[in-house]
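K.L.:
Pasting the sequence and the predicted coordinates here, then a few questions.
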Amino acid sequence: MRNWDQLLVLTSRQNPKLKELFASTKASQATKRGLILAEGSRQIATSLEVAKPLGLFFRDDKQGEACWKNLQEGIDQQLAELCFRVESGLFNSLTATKSSQGVMALFQAPQLLNLSELPVTNRPERFLILDSCQDPGNLGTMIRTVEGLGFDAMILLGDTVWPYNPKVLRAAMGSGLALPLFKVASVRDLAAFKARRPQLDFLAGDLGGEKLYQAPVGKQGRGFALILGNEAHGISPDIKELVDLSLSIPIQGEAESYNLAISCGIMAWYLSELYNFLL
């Protein structure tokens, strides 16, 4: 295994590896080229468990060296060939955050899966379906939440923000590469998905729905798909036609609604506990 002093030091923005890294900090270029930028030891350590990076870049200072030591357990000899030190000023000009932790990693984004590729199982399944979620922080937080709760996958509809946007990945804290993500081209495809899974309850978050803790939801041996809509406009009318039951979260204060990611956390946790009880 190489030691810190043996890593090649990059000092020019014209280096091909750094050009890729710089492109990945711009959302439009990252989406176009399918690049993922991960920052910080914790996020990168989690990502290394499920994906191989195109490069690992450490700021050439004490903090970068500390990050190198923290990540060494997940870096084999082959991966060490893709590790570089980057001159401090140059590194800081490339980072997508104001206060970088001293390490960045570049990954090739996986292709979003086609929903028809998802096999039907005999066990109760759990999905989060998002209709046109626009806020990267919300999306990343929801990915992290449902991955932590053991959901099978997330299904993205409409013009939902690209899930490998750097802001999404920072909020997801490594779960963005661990949770299977599926893209649905049309409501017809979602209807076909539901038809293949008669044991799946389609439950929607809706301000006009039945109160979450009082609703007649959940039966022995069934799974569920939680559907949440756009931050401003909610779920589109054509998707509502597929919903078995709409649910709302009781609000006692003066707020009109909860933040989308907070709503997801409350509903996903409650439904997970309820359906666990019914297994």
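P.N.:
Alright, I've got the coordinates.

K.L.:
what are the ranges of the helices in the stretch 51-200 of the chain?
P.N.:
Using DSSP state H, counting those that start in this stretch, the helices found in the stretch 51-200 of the chain span residues 62-71, 77-80, 88-94, 136-148, 166-172, 187-195.

K.L.:
Which one, of those helices, ends up nearest to Pro180?
P.N.:
helix 136-148 (9.4 Å; CB to CB). C-beta here means a position set from N, CA and C on the backbone, and glycine is covered the same way.

K.L.:
what comes up buried for the closest one?
P.N.:
For helix 136-148, the neighbour count (16 or more other CB atoms under 10 Å) marks 136-147 as buried.

K.L.:
by contact count, what packs against it?
P.N.:
For helix 136-148, the elements it packs on are strand 126-131, strand 153-157, helix 166-172, helix 260-277, judged by 3 or more CB pairs under 8 Å, 6 or more residues apart in numbering; DSSP states H and E.

K.L.:
In TSV: those, plus distance to Thr95 and mean pLDDT.
P.N.:
Written out in TSV, the entries for the helices and strands packed on helix 136-148 read as follows (distance: least, CB to CB, whole Å; pLDDT from 0 to 100):
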stretch	distance to Thr95	mean pLDDT
strand 126-131	28	97
strand 153-157	27	96
helix 166-172	10	87
helix 260-277	24	95
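
K.L.:
As a markdown table, these with mean neighbour count and distance to Leu112 would be great.
P.N.:
Output for the helices and strands packed on helix 136-148, formatted as a markdown table (neighbours: other CB atoms under 10 Å; distance: least, CB to CB, whole Å):
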| stretch | mean neighbour count | distance to Leu112 |
| --- | --- | --- |
| strand 126-131 | 24 | 12 |
| strand 153-157 | 23 | 7 |
| helix 166-172 | 23 | 13 |
| helix 260-277 | 18 | 19 |
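
K.L.:
which stretch among these comes nearest Ser99?
P.N.:
If we rank these by CB to CB, the stretch that ends up nearest is helix 166-172, at 11.9 Å.

K.L.:
which one of the helices of the stretch 51-200 of the chain lies closest to Gly234?
P.N.:
Go through the helices of the stretch 51-200 of the chain one by one with CB to CB and the one that ends up closest to Gly234 is helix 136-148, at 13.8 Å.

K.L.:
Which helix or strand in this structure has the lowest average pLDDT?
P.N.:
helix 27-33 (a mean of 75; mean pLDDT, DSSP states H and E).

K.L.:
Buried residues, it. List them.
P.N.:
Of all the residues in helix 27-33, those buried under the rule 16+ other CB under 10 Å are 27, 30.

K.L.:
Equivalent analysis for stretch 200-218, please.
P.N.:
Residues 200-206, 209, 212, 217-218 are the ones in stretch 200-218 that count as buried (16+ other CB under 10 Å).
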